[in-house]
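[1] Can you look at this prediction? I've put the sequence above it.
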Amino acid sequence: MIAILGINAFHADAAACLVIDGQLIGAVAEERLGDRIKHSAQFPENAIRRLLTDSNLRLNDITHVAIARDTGANLSSKISYSLRNPLTSSGAIREFLKRRKRSKSIQEIIAKICFDDVSQAKFKTVNVEHHLAHIASAYYLSPFDTLTAGFSYDGSGDFASMMAARCEGNSIEILDRVCLPNSLGFFYTALCQFIGFERFGEEYKVMGLAPYGHDVYRDEMQSLIKQESDKWFSLNQNFFQMHNGGKSGGMSQSGEILIDKFYTTEMAKLFGGAPRERQEEISQREMDMAKSTQVRFEEIAIHCMTKLNKLVPTNNLAMAGGCALNGVTNARIIRETPFRNQFIQPASSDDGTCLGAAYHTWHQVLGKEARFEMQHAFWGPEHSKSEIEDVIKAGKYSAKSFESDEDLVIEVAQLIKAGLVVGWYQGRSEWGPRALGHRSILADPSNQNMKEIINSKIKRRESFRPFAPSVLREDVGQFFEQDITSPFMMHVVKIRPEWRDRLPAVTHVDGTGRLQTVDKESNSLYYKLIAEFKSQTGIGMLLNTSFNENEPVVDSPQQAYDCFARTEMDALCIGNYILEKK
């Protein structure tokens, strides 16, 4: 037996996965377990323990530990940058040495996690460069084995911010990289910070805010980041400061990820005023900046895709990295480039690199050719029926049980049709940031007031942020202008004009929706629910948002019940039970 434990550690979005004889057994981010801090940078000890316990494995069963970090990668670029910036790079050097030391003690760390003696840690350790792990996480789990373009882009990892690759068969050939200080991810993050969303991982808020603005800062954005025919992109260093080290990736006392400020004082001069403070109202300036930021990001991304397709002439694209979560851009890539066939890793942020490290080890280090295709995203923990029943018995709400899935979905569809907001908790949790029908809050997309109800009474978040439509795969063309498959909710596409007023709860201000396609093979119970809702209403779609309230998505039945109890959610369907507040 070959048992590979893949991990993303010493970095935000810590996570672990388990691969046995080439088959993915499970994958979970540390934030879902333990202290439940968003984007946790804690070592993924709870994730590792959960994976091994669920698989009845001990420390000495693990043959390989694959780490999505190679501190020796891009060393010449690191040295060159340090020599050019001796004062500002000293903190980064200290951070580099600290992480390198921690990486070397992996046997002791994992032995302690497993409550075992280090002598039982007989595994081989494999270090995989950050962006190579991203690309491997997408390509090796995709349906593609013929010529495929591999692409990864984010803020940074192992001193690079982008990687392009030629993938075919068992091979991933790295064609090019962009190294720091140039980074499209840092460009977006810096503008997010200036707009007032300074916390780690808030880029999605700016993407949601952008449709409320106008592209009035086009010239300013073009001066911030350049694209040239012979290059990928470059940042104007007068406006950006980054990779100073010492703070980035650290944690506050409350566990929140700390990041440096990525913009300089010159940014305020460029935009004619100070950055917005978080507590201040969002003005038209911030809306317009968000719009221009998103537009410029898309322009650079399309430029990169055009260049990539010249290097790898194919219709197939396997993509990951935090920037690959930009669904507006992903849909535009399909429209405007030859990359019609996309596989985007559902955990495209750094949590997903643990998968890439594991499958790089399987295919490249061990030379195995057997492929595994990720056809769904339900790789997290599953909790037993007895645990669900214990939570219900200890709670204050009465529960109604159902013997068949058919009866269950009929009842839930009726509740949603009646205007209720329903928590939906089923099976194994989703891998990645999106709720895809196992840890979801569901509602009627045609309800005029539903967006406001959920934002104010349950999610308690900014009112401008949209909700996603989950759609039967065969009905996508009925509702959307692009008839595409997007099971991991990775594309934001235009809703057909005749449906926008009829679907107000999921139609964003610009007429778009963040599409999730649902098929009966990979997501059967959720498919049955949407199909039943269609039979009752004529609409093969549900409003879907993540089951949480300003916290990581719920993992356990107790967390689901607690979220249901403390918010104004109307009902909870957990396993084959329905609880209602009456």
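    Alright, I've got the coordinates.
[2] Regarding the residue lying closest to Q227 once chain neighbours are set aside, what is its secondary structure?
    Nearest residue to Q227 in three dimensions, chain neighbours excluded: H303, at 4.5 Å (Cβ to Cβ, 6 or more residues apart in numbering). Placement of C-beta: from N, CA and C, glycine included. At H303 the chain is in helix, as set by DSSP: H, G, I helix; E, B strand; the rest coil.
[3] Just list the residues touching H303, thanks.
    When contacts are counted by Cβ atoms under 8 Å, 6 or more residues apart in numbering, H303 touches Q227, W232, F233.
[4] How is the chain divided into domains?
    Following the assignment in automatic domain parsing, the chain carries domains at 3-132+355-365, 385-580.
[5] Can you flag the weakest of those by average pLDDT?
    Note on those: lowest mean pLDDT is at domain 3-132+355-365, with a mean of 88.
[6] Need the distance between the two termini of it.
    13 Å (Cα to Cα, to the nearest Å).
[7] starting at the chain centroid, how far to it?
    Distance, stretch centre to chain centre, for domain 3-132+355-365: 18 Å (Cα atoms, centre = their mean, to the nearest Å).
[8] among the domains of the chain, which is nearest N330?
    domain 385-580 (5.0 Å; Cβ to Cβ).
[9] first to last residue in that closest one, what's the distance?
    Span of domain 385-580 from end to end, Cα to Cα: 19 Å.
[10] And it, how far out from the chain middle?
    18 Å.
[11] Numbering from 260 from now on, please.
    In the new numbering, first residue 260, that becomes domain 644-839.
[12] how many neighbours does E757 have?
    E757: 9 surrounding residues under other Cβ atoms under 10 Å.
[13] ok, now the one 5 residues further on?
    Counted with other Cβ under 10 Å, residues neighbouring L762 total 20.
[14] surely L283 meets Q634?
    No - taking contacts as Cβ atoms under 8 Å, L283 lies outside contact range of Q634: 10.5 Å.
[15] more crowded one of the two?
    Shown here are L283 and Q634; by other Cβ under 10 Å, L283 has more neighbours (20 against 13).
[16] what are the bridge partners for the more buried one, then?
    Beta bridges link L283 to V278, judged by DSSP bridges.
[17] returning to what we had before: between the contacts of H562, which sits nearest K779?
    Using Cβ to Cβ, W491 comes nearest to K779 of these, at 40.9 Å.
[18] gap between that closest one and N568?
    Counting by Cβ to Cβ, to the nearest Å, the separation of W491 from N568 is 13 Å.
[19] Ramachandran angles for E791?
    phi -70, psi -40 (degrees, to the nearest 10).
[20] Contact partners for it?
    Per Cβ under 8 Å, 6+ apart, neighbours of E791: V668, I669, V671, A672.
[21] Repeat that for I307.
    I307 makes contacts with L264, I266, A275, I369, I372, C373, as judged by Cβ under 8 Å, 6+ apart.
[22] can you check G460 too?
    Counting by Cβ under 8 Å, 6+ apart, G460 has contacts A271, K297, H298, I516, S608.
[23] For it, grab phi and psi.
    Given degrees, to the nearest 10, the pair of backbone angles that G460 has is phi 80, psi 20.
[24] same deal with F456?
    Per-residue torsions, F456: phi -110, psi 80 (degrees, to the nearest 10).
[25] about what we covered before: looking at W491 and N568, which has the bigger crowd around it?
    W491 (20 against 16).
[26] So that one is in contact with S420, correct?
    No - counting by Cβ under 8 Å, W491 does not reach S420; the two are 9.4 Å apart.
[27] Mind listing residues that contact stretch 658-673?
    Against stretch 658-673 from outside (Cβ under 8 Å, 6+ apart): 651, 681, 683, 701, 784, 787-788, 791-792, 794-795, 830, 832, 835-839.
[28] who's I837 bridged to?
    K659, C832.
[29] which residues touch it?
    If you count contacts by Cβ under 8 Å, 6+ apart, I837 has them with A658, K659, F661, L667, E670, V671, L674, A830, L831.
[30] following the host helix or strand of the fifth one, which helix or strand shows up next?
    With the criterion set as DSSP states H and E, the secondary-structure element containing E670 is helix 664-676. Of the helices and strands lying after helix 664-676 in sequence (DSSP H and E), the nearest is strand 681-684.
[31] Tell me the helix or strand right after that following strand.
    Where DSSP H and E defines the elements, the next helix or strand beyond strand 681-684 is strand 698-702.
[32] Name the residues of the helix or strand that that next one is followed by that come out as buried.
    With elements assigned by DSSP H and E, the helix or strand that comes after strand 698-702 is helix 709-713. Residues of helix 709-713 classed as buried under the neighbour-count rule (16 or more other Cβ atoms under 10 Å) are M709, K710, I712, I713.
[33] Which one of the residues you listed is nearest to T771?
    Within these, the smallest distance to T771 is 14.0 Å, found for K710 (Cβ to Cβ).
[34] Leaving out sequence neighbours, find the closest residue to A327.
    Spatial nearest neighbour of A327, chain neighbours left out: T612 (3.4 Å); criterion: Cβ to Cβ, 6+ apart.
[35] from what I can see that neighbour touches A397, true?
    No - using Cβ under 8 Å, T612 is not in contact with A397, being 10.6 Å away.
[36] higher neighbour count, the two?
    Here T612 and A397 are set side by side on neighbour count (other Cβ under 10 Å), and the busier one is T612, at 40 against 32.
[37] Any figure for the gap between the residue nearest to N809 when sequence neighbours are not counted and E808?
    Once flanking residues are discounted, N809 sits nearest to R719: 6.1 Å by Cβ to Cβ, 6+ apart. From R719 over to E808 the distance is 6 Å, taken as Cβ to Cβ.
[38] Looking at those two, which is more packed in?
    A direct count of neighbours by other Cβ under 10 Å for R719 and E808 places E808 higher, at 17 against 11.
[39] show me the contacts for the more buried one.
    Contacts of E808 by Cβ under 8 Å, 6+ apart are I717, K718, R719, C822, R825, T826.
[40] Which stretches in the stretch 260-409 of the chain count as strands?
    Under the criterion DSSP state E, counting those that start in this stretch, the stretch 260-409 of the chain contains strands at 262-267, 274-279, 282-288, 323-326, 383-386, 407-416.
[41] just to revisit the earlier point, filter the contacts of E808 down to the buried ones.
    I717, K718, C822, T826.
[42] so what's the first one closest to, chain neighbours aside?
    Here the nearest residue to I717 in space, its sequence neighbours aside, is T826; by Cβ to Cβ, 6+ apart that works out to 4.5 Å.
[43] Around P756, how many other residues sit close by?
    Neighbours of P756 under the rule other Cβ under 10 Å: 9.
[44] now do Q538
    6.
[45] does M526 count as helix, strand or coil?
    Assignment for M526 (three-state DSSP): helix.
[46] any idea how far L311 is from the closest residue to S314 other than its chain neighbours?
    Spatially, and ignoring its direct neighbours in sequence, S314 is nearest to I284 (5.7 Å; Cβ to Cβ, 6+ apart). I284 sits 10 Å away from L311, going by Cβ to Cβ.
[47] Need the overlap of contacts for the two.
    L277.
[48] who has more neighbours, the two?
    Shown here are I284 and L311; by other Cβ under 10 Å, L311 has more neighbours (23 against 17).
[49] quick one, what contacts that one?
    L264, L277, R317, L318, D320, I321, C373.
[50] who wins for most neighbours among the residues you listed?
    L264 (28 neighbours).
[51] ok now do it, which residues does it touch?
    Applying Cβ under 8 Å, 6+ apart, we find L264 in contact with 275-277, 307, 310-311, 321, 323-325, 369, 382, 617.
[52] cutoff 6 Å now
    Residues in contact with L264 (Cβ atoms under 6 Å, 6 or more residues apart in numbering) are L277, I321, V324.
[53] nearest to R630, of the residues you listed?
    Nearest to R630 among the contacts of L264, counting by Cβ to Cβ, is L277 at 17.5 Å.
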